[in-house]
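Undergrad: Below: sequence and its predicted model.
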Amino acid sequence: MVEIKLKKGKEKAVYQRHPWVFSGALDKVKGKPENGDVVKVLDAQGEFLAYGYYNDQSRVAVRLLEWDENVNIDEAWYEQKVNTAIDGRAHLLANEATTACRLIFSEADFLPGLIVDRYADFLSVQILSSGIEKAKETIIKVLVKRLQPKGIFDRSDATARTHEGITAENGLLWGENPAEFIEVKENGIKYHINIAEGQKSGFYCDQRDNRSILASYSTGKTVLDCFSYSGGFSLNAFAQGAAEVTSVDSSALAIETLKQNITLNQFDAAKHIAIQSDVNKQLRQFNDEGKKFDVVVLDPPKYAPSRSALDRAARAYKDLNRRGLMLLESGGLLATFSCSGAVDIETFKQIIAWAALDAGKEVQIIKQFCQPEDHPVRLSFPEGEYLKGLLLRVV
Ligand code: SAH
């Protein structure tokens with residue numbers, strides 16, 4: 001096994017169990033590892049620190065896996081990690097009202113670069129590191145043994161892969177192909193998911209808890225669900241008796257799927273307005289028309305993919321939230337989210353405070369939103385915390 005020595009002082013983060021070793025921390029590479037190989041990481045004195053996946057194309061040169069020198073990174077190791085991750089979600093798997101959840105969440109589950117989502121009888125997988133790519137066959141074998149899915153579908157067409165120097169993939173890995181739309185349930189609400197073509201791995205199960213929290217504020221209300229995708233917030237609002245829901249998304253497939261989902265749940269389509277449009281443009285139009293809503297949801301895509309994009313993203317979040325707040329009157333509610341890991345909760349609060357000031361609204365935080373239990377955050381890896389949100393009441 002190739003050994004990699006770190007520069008003096010660079011062992012500290014490894015001791016603290018942070019799973020990333022940046023390329024600048026490497027001193028000597030003894031041998032010629034291929035990208036994705038498991039290597040031994042040593043401190044400046046040559047003492048063992050951890051095992052990890054090597055990649056010379058990535059800013060993160062080694063993704064750490066294991067801190068015990070006596071352990072082999074073999075099939076039994078992968079099986080143990082996969083089983084531990086799934087055992088932790090056993091109650092979610094046993095819950096018949098929810099058949100969509102994340103089973104493996106990358107670093108948080110000690111499998112850096114592997115995401116596995118369960119959608120009813122199928123698994124949707126994203127392989128985002130060269131190490132996991134190399135271990136793919138073993139991982140599939142272990143997943144099949146544990147879960148006996150109907151099929152495993154690869155949705156690794158994510159930009160993260162290009163940072164690792166591996167090409168995008170999209171296709172069947174094992175078993176049978178899912179139908180164009182398969183049905184899942186989340187808290188009893190039915191959704192059609194297009195695993196092959198839908199966004200990310202097909203669905204955003206990270207908003208499960210937040211959708212049902214928000215729904216409890218939607219009874220009898222007019223709700224505007226911006227960036228609705230397949231309708232997570234819209235459908236939950238209907239389930240709790242919203243008077244009218246307007247959903248806005250720029251994606252045609254999202255709007256088509258959302259309309260199917262309204263029918264699937266037998267909600268009253270006459271109370272639903274689906275608009276395929278750019279959210280900012282639509283909000284401007286609503287403001288020009290003097291339109292008001294009781295509840296506004298803003299769940300935009302990741303505006304800040306990295307820290308360097310923070311300034312631009314802050315402006316985009318501020319403009320969006322200013323426009324959203326202007327549609328609310330006293331007592332109105334804004335549920336606003338950021339899924340940018342680079343924007344922490346305190347920064348997000350600051351941005352929203354500016355937006356409120358510009359909108360001429362005084363607001364109170366009445367709840368904070370976070371990611372659900374199947375997207376856990378390892379304390380030793382704070383970067384894994386990405387989803388945050390605020391529920392604000394206009395005074
Ligand atoms: N709220 C959704 C998830 C939102 S994901 C849920 O609960 O499932 C972000 C969504 O924003 C995607 O569906 C994407 O199509 C949409 N989107 C991205 N940019 C947009 C824009 N400028 N205007 C409208 N929709 C946009």
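TA: Good, I have the coordinates.
Undergrad: Number of residues surrounding residue 283?
TA: 25 (other CB atoms under 10 Å). From N, CA and C alone the C-beta is placed, and that goes for glycine too.
Undergrad: Which of the helices or strands spans it?
TA: For residue 283, the element it lies in under DSSP states H and E is helix 279-289.
Undergrad: chain center to stretch 288-303: distance?
TA: Distance, stretch centre to chain centre, for stretch 288-303: 21 Å (CA atoms, centre = their mean, to the nearest Å).
Undergrad: go on, stretch 74-94?
TA: 20 Å.
Undergrad: Pull the number of nearby residues for residue 117.
TA: Residues near residue 117, counting by other CB under 10 Å, number 27.
Undergrad: that older thread, and the helix holding residue 283 with the ligand, contact?
TA: Yes. Shown here: helix 279-289 in contact with the ligand (CB under 6 Å from any ligand atom) through residue 279.
Undergrad: which helices and strands does that helix pack with?
TA: Identification of packing neighbours for helix 279-289 by 3 or more CB pairs under 8 Å, 6 or more residues apart in numbering; DSSP states H and E yields strand 222-226, strand 244-249, helix 310-325.
Undergrad: again, only using 7 Å
TA: helix 310-325 (3 or more CB pairs under 7 Å, 6 or more residues apart in numbering; DSSP states H and E).
Undergrad: and the helix it packs on, what other elements does it pack with?
TA: Using 3+ CB pairs under 7 Å, 6+ apart: helix 310-325 touches helix 279-289, strand 293-298, strand 328-338, helix 345-359.
Undergrad: Give me whichever of those is most buried.
TA: Here the criterion is mean neighbour count by mean count of other CB atoms under 10 Å, and of the helices and strands packed on helix 310-325 the winner is strand 293-298, at a mean of 25.
Undergrad: can you pull the alpha-carbon coordinates of that strand into PDB?
TA: Extracted in PDB, the C-alpha atoms of strand 293-298 (Å, rounded to 0.1, in the frame of the first residue of the first chain):
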ATOM      1  CA  PHE A 293     -50.000  35.500   0.000                       C
ATOM      2  CA  ASP A 294     -50.400  34.200   3.600                       C
ATOM      3  CA  VAL A 295     -47.400  31.800   3.400                       C
ATOM      4  CA  VAL A 296     -44.400  32.000   1.000                       C
ATOM      5  CA  VAL A 297     -41.800  29.200   0.700                       C
ATOM      6  CA  LEU A 298     -38.400  29.900  -0.900                       C
END
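Undergrad: tilt between it and helix 345-359?
TA: Interaxial angle, strand 293-298 versus helix 345-359 (axes from the mean of the first three to the mean of the last three CA atoms, to 10 degrees): 140 degrees.
Undergrad: domain assignment for this structure?
TA: Listed by automatic domain parsing, the domain ranges of the chain are 3-66, 75-175, 204-394.
Undergrad: Quick check: which of those is nearest to residue 182?
TA: domain 75-175 (5.8 Å; CB to CB).
Undergrad: if you look at the closest one, does any of it touch the ligand?
TA: No. Applying CB under 6 Å from any ligand atom, one finds domain 75-175 out of contact with the ligand, separated by at least 10.7 Å.
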